[in-house]
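Undergrad: Let me see the structure of the following:
(chains A and B)
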Amino acid sequence: MSLNRVLVPVKRVVDYAVKIRVAGGKVDTNVKHSMNPFDEIAIEEAVRLKEKKLAKEVIALTVGPSKSNETLRTALAMGADRGVHIEVPEGSEVLPLQVAKLIKAVAEKEKPELLLLGKQAIDDDSSQTGQMLAGLLGWPQATFASKVEVAGDKLTVTREVDGGLETIASKLPAVVTTDLRLNEPRYATLPNIMKAKKKKVEKLTPKDLGVDVTPTIETVKVIEPPKRAGGIKVESVDELLSKLKNEARVL
Amino acid sequence: MSLRGQVRSLYKQLLFIGREYPAGFEFYRARLKAAFLKKRDLSDPEDIRKALRQGEFVLKELEALWFLKKYRHLKQKYYDQ
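TA: Numbering: from 1, shown residues only, chains lettered A, B, ... in the order given. Okay, here's the model as predicted:
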């Protein structure tokens, strides 16, 4: 028996290689964006399940502005079969709980047996969506997975925990969040991106799913981390000693 | 696909993967073009196939490098503490 559907939510984030800048009390988002690397790992795992004939269909889902469509296309190019795009206005922030509610609404419609998520997004680093989603659905959860095995309606997941690995077994349906060492995501090649343009993407709004996405948290301030001060040259050993004693206070 | 088509497709794929080459796209493009021009006089189909295989190997290497770059970045940011 194989899974009928695997649902993989993905997020469009500022590219991992871009240095984050704060301009006018806000993070400058006018830079290159790409798919959250942990979500790439989730897509890869879902596609591998499909290639091993353990899953029939992989659905990619995203919540974000119209530009997130690009991220969804990357997921489709990596091997997902179709996409669902829940569109929100540009610049609006959707909180993890609201995202979890949106994913839950889609999961109830699509009825996947497995939900694969990245463990966290590299922009807000919340690491909350998967856990809250499992809570909302009442499904078992296996977070920080470094190995996922599916057999029948049984799921065995090896988790990365402090100081070692933990292996847990659960029933399906379940929520799994991926850790870095789960797999090596493939590159979305040009021919595959071209082919992905023919795949179907369903557009929805939070209203269609009956979820309120007005922010419940107010961002008070966004500041850059303090700049690292440059080093200095000391003239003599005595000066060095005095600086170490009085300024660095390490002696 | 004809050999000519295969070569063109390889060139396009190599261009695509080099969009964010660390030394700049123009740096990359110039070298890529030079590498292709160097083999413009090949006429034996077997030689062309050999060159294609070499190009595909380079493409795979570049993909692996991108993966490694991302993996190292994440490992450094989230795991080496």
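Undergrad: Residue numbers of chain A in contact with chain B?
TA: A:16-17, A:32, A:37, A:122, A:180, A:184-187, A:189-191 (CB under 8 Å from any CB of the partner chain). Yep, even glycine has a C-beta here, placed from its N, CA and C like the rest.
Undergrad: Can I get those in CSV including pLDDT?
TA: Compiled in CSV, these are given as follows (pLDDT from 0 to 100):
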residue, pLDDT
A:16, 91
A:17, 88
A:32, 91
A:37, 94
A:122, 92
A:180, 92
A:184, 92
A:185, 93
A:186, 93
A:187, 92
A:189, 91
A:190, 91
A:191, 92
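Undergrad: Narrow these to just the buried residues.
TA: A:16, A:37, A:122, A:180, A:185-187, A:189-190 (16 or more other CB atoms under 10 Å in any protein chain shown).
Undergrad: from the residues of chain A next to chain B, which is closest to residue B:59?
TA: Set against residue B:59, the nearest of the residues of chain A next to chain B by CB to CB is residue A:189 (8.4 Å).
Undergrad: what sits against that closest one?
TA: Contacts for residue A:189 (CB atoms under 8 Å, 6 or more residues apart in numbering or on different chains) come out as A:77, B:13, B:16-17, B:63.
Undergrad: Out of those, who's the most crowded?
TA: Among the contacts of residue A:189, residue A:77 has the most neighbours (other CB atoms under 10 Å in any protein chain shown), with 22 neighbours.
Undergrad: give the contact list for it.
TA: A:188-189, A:192-193, A:195-196.
Undergrad: Recalculate using a threshold of 7 Å.
TA: Residue A:77 sits next to A:188, A:192-193, A:196 when contact means CB atoms under 7 Å, 6 or more residues apart in numbering or on different chains.
Undergrad: Just to be careful, could you list which of these are in helices?
TA: Using DSSP state H, the subset of these located in helices is A:192-193, A:196.
Undergrad: all strands of the stretch 101-250 of chain A, in order?
TA: A:114-118, A:141-151, A:154-161, A:164-171, A:174-178, A:201-204 (DSSP state E, counting those that start in this stretch).
Undergrad: now stretch B:12-31: mean pLDDT?
TA: Stretch B:12-31 shows a mean pLDDT of 92.
Undergrad: do that stretch and chain A meet at all?
TA: Yes: on the criterion CB under 7 Å from any CB of the partner chain, stretch B:12-31 is in touch with chain A at B:12-13, B:16.
Undergrad: quick one: that stretch to chain centroid distance?
TA: Chain-centre distance of stretch B:12-31: 8 Å, with CA atoms, centre = their mean, to the nearest Å.
Undergrad: Identify each buried residue in that stretch, please.
TA: Buried residues in stretch B:12-31, counted by 16+ other CB under 10 Å: B:13-14, B:17-18, B:28.
Undergrad: Span of it from start to end?
TA: End-to-end distance for stretch B:12-31: 14 Å, by CA to CA, to the nearest Å.
Undergrad: is the helix or strand where residue B:55 lies anywhere near chain A?
TA: Secondary structure assignment for residue B:55, by DSSP states H and E: helix B:45-78. Yes: part of helix B:45-78 sits near chain A under the criterion CB under 7 Å from any CB, namely B:63, B:66-67, B:70, B:73-75.
Undergrad: residues in contact with the strand or helix carrying residue B:14?
TA: Element membership for residue B:14, per DSSP H and E: helix B:3-17. Defining contact as CB under 7 Å, 6+ apart, one finds that helix B:3-17 is touched by A:189-190, B:1, B:29, B:32, B:36, B:45, B:48, B:52, B:55-56, B:59, B:62-63.
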